[in-house]
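In: Compute the structure for the input listed below.
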Amino acid sequence: MIRGRRIGVDVGSVRIGVAVSDPDGILATPVATVPRDVTKRDELPSDLVEIARIVAEYEAVEVIVGLPVNLAGKEGPAAAAIRQYAEGLKAVVDPVPVVFTDERMSTVTATRRLSERGVRGKRQRAVVDQAAATEILQTWLDSQRRRT
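Out: Below you'll find the predicted structure:
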């Protein structure tokens, strides 16, 4: 694994959670929750612009996007929507590669961890997307380290 920061992205229908790793790929930390821009205009959606800005700001070497697969490991309509979103993301972060990782249970795990820390209700909704992105990225980083 080449040295450099990775950006983790949890794409939701309302919000997008964003996390970043340290340059050595050991620890993922939350960065932002970006509102999803679903307006149909000719210009680039504001969420893609913001994620591209974050990728540039952190000089990321890779973007890791959580791909929702069902418990049987199959992709459904949600995964197809994420793949479509990632196509737009690839265009705005090029030449930084965008890769997918299995995000099964990331939001459930993030919600549970936040609850264990006493973060509930509106406060939890505000940060659960960031926490899910952090979970996605940390799981990916851990799996990359196990491979080497």
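In: Counting neighbours, which bits of stretch 7-25 end up buried?
Out: Judged by neighbour count (16 or more other CB atoms under 10 Å), stretch 7-25 contains these buried residues: 7-12, 15-21, 25. C-betas here are computed from N, CA, C, even on glycine.
In: mind listing the strands for this protein?
Out: 6-11, 15-21, 28-35, 62-67, 98-102 (DSSP state E).
In: Nearest to residue 129, out of those strands?
Out: Evaluated with CB to CB, the strands of the chain place strand 15-21 nearest to residue 129, the distance being 3.1 Å.
In: helices or strands up against that closest one?
Out: strand 6-11, strand 28-35, helix 46-57, helix 121-147 (3 or more CB pairs under 8 Å, 6 or more residues apart in numbering; DSSP states H and E).
In: Turn the ones you listed into JSON lines, including distance to residue 83.
Out: Listed next are these as JSON lines, based on distance: least, CB to CB, whole Å:
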{"stretch": "strand 6-11", "distance to residue 83": "10"}
{"stretch": "strand 28-35", "distance to residue 83": "19"}
{"stretch": "helix 46-57", "distance to residue 83": "15"}
{"stretch": "helix 121-147", "distance to residue 83": "15"}
